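K.L.:
starting from these lines, generate the structure:
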Amino acid sequence: MESPESNQDVVRSESDRATSVLIATILGVVAILVGNILQGTGADVDADDAEQLLNRSDHFATILIGSIVSGLGFILLGLVLFFLYSAARRRNPAVSPALKALFMLGPILLLISNVITPIAYDSVATDFLDSGVTTGDAAAERATDLIADSSGLQAAAFMGLAGVAAFSIGIVYTALQAMRVGLQTRFWGTLGMAFGVAFLLSAFLGPIGFLGILVWFLQAGLQPSGRWVGGKLPAWELGVAVPWPDAKAPRPAKEEELAAPEDFEGTATEIEPEPGSGSSSGDGPQKRKRKSRG
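P.N.:
As a prediction, the model looks like this:
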């Protein structure tokens, strides 16, 4: 069992880093949003592969900068996730240390994938332009073949999927453990797990998971410094686990209450004693009351 001094050290250490975590969270979220906007420069969802290659070639520098900025944003959020995971493990040694690598492996793979993708597309675009045919059905078909055969794009796609999977697992596991020790409320812990799964399934669910984890990270980054709604949770203030009450636990039995006179129904009438009966003290006949139920 940890001594009160060690708990105070935990609180002091986390409080000292809370501001850095907050800054990393805000910069990470902003970097990812700005990076994705830059990555979409010149993009046209209705354009065929040939037009996409030409657009990417024309805006290569901007797309590459956006990819790097977005990747760095994921690195910053990985640091925030690692901080929350470490805080949960301090309060519960049963938290698995084996998953620690996921918190940085995921963002690193996403950064590498982000950098390789525009470079690989630019290489494909160069080969496409060298072919001399850039318009028409033949050009579109050739562009599709070049994209499909690009080993660089294949490697980037693989690392991107691996990065998303690792980061999603890290979010789900950390949100669960943080909720169990009281570092997050049941609502935000459950929401973090749901958004983590949605982020993993982004190919099917669209941007719900992507936007969801950004909102969850904002909450996770603001909570340690007490800047989130409701202030610091007890687990952050005490440096120990403060689990939430089990909603399925039976409620304690109510104490039995003594009955009050007004709880009884009926009326009472006086009756005279029988002739010949008297008081043993010689004070005269005693009056007795007989209660009749109404």
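K.L.:
okay, and for the stretch 1-150 of the chain, where does confidence drop off?
P.N.:
1-5, 45 (pLDDT under 70).
K.L.:
what about the helices in it?
P.N.:
Along the stretch 1-150 of the chain, counting by DSSP state H, counting those that start in this stretch, helices occupy 4-39, 49-58, 60-91, 102-130, 136-149.
K.L.:
Gly192: which of the ones you listed is closest?
P.N.:
Nearest of the helices of the stretch 1-150 of the chain to Gly192, taken as Cβ to Cβ: helix 60-91 at 9.4 Å. In this view, the C-beta of every residue, glycine as well, is placed from N, C-alpha and C.
K.L.:
tell me the contacts of Ala61?
P.N.:
Contacts for Ala61 (Cβ atoms under 8 Å, 6 or more residues apart in numbering) come out as none.
K.L.:
could you check how far the spatially closest residue to Trp244 that is not a sequence neighbour is from Thr62?
P.N.:
Leaving aside its chain neighbours, Trp244 sits nearest to Arg186 (5.7 Å; criterion: Cβ to Cβ, 6 or more residues apart in numbering). As judged by Cβ to Cβ, to the nearest Å, Arg186 and Thr62 stand 43 Å apart.
K.L.:
check Glu265 and give its pLDDT.
P.N.:
At Glu265, the pLDDT value in this model is 55.
K.L.:
picking that back up, what's the pLDDT at the residue nearest to Trp244?
P.N.:
94.
K.L.:
could you report the neighbour count for it?
P.N.:
Neighbourhood size, Arg186 [other Cβ atoms under 10 Å]: 13.
K.L.:
how about Asp16?
P.N.:
9.
K.L.:
what's the answer for Gln219, then?
P.N.:
There are 17 residues near Gln219, going by other Cβ under 10 Å.
K.L.:
which residues touch Leu102?
P.N.:
Leu102 is in contact with Ala166, Phe167, Ile169, Gly170, Tyr173, counting by Cβ under 8 Å, 6+ apart.
K.L.:
most neighbours of all those residues, which one?
P.N.:
Within the contacts of Leu102, most neighbours by other Cβ under 10 Å means Phe167, with 27 neighbours.
K.L.:
secondary structure element holding it?
P.N.:
Assigned by DSSP states H and E, Phe167 belongs to helix 151-180.
K.L.:
tell me which element the residue positioned nearest the centre of the chain is part of?
P.N.:
Geometric centre of the chain, nearest residue: Gly192, 2.2 Å, by Cα atoms, centre = their mean. Remark: Gly192 resides in helix 186-200, with elements defined by DSSP H and E.
K.L.:
mind giving me the packing neighbours of that helix?
P.N.:
helix 151-180, helix 208-222 (3 or more Cβ pairs under 8 Å, 6 or more residues apart in numbering; DSSP states H and E).
K.L.:
out of those, which is closest to Ser131?
P.N.:
It's helix 151-180; of the helices and strands packed on helix 186-200, that one is closest to Ser131 (Cβ to Cβ) at 17.5 Å.
K.L.:
what's the angle from the closest one to helix 136-149?
P.N.:
Here the directions of helix 151-180 and helix 136-149 differ by 60 degrees (axes from the mean of the first three to the mean of the last three Cα atoms, to 10 degrees).
K.L.:
buried sites along helix 151-180?
P.N.:
For helix 151-180, the neighbour count (16 or more other Cβ atoms under 10 Å) marks 153, 156, 159-160, 162-180 as buried.
K.L.:
got the angle between that helix and helix 102-130?
P.N.:
Using the same axes, to 10 degrees: helix 151-180 against helix 102-130 is 160 degrees.
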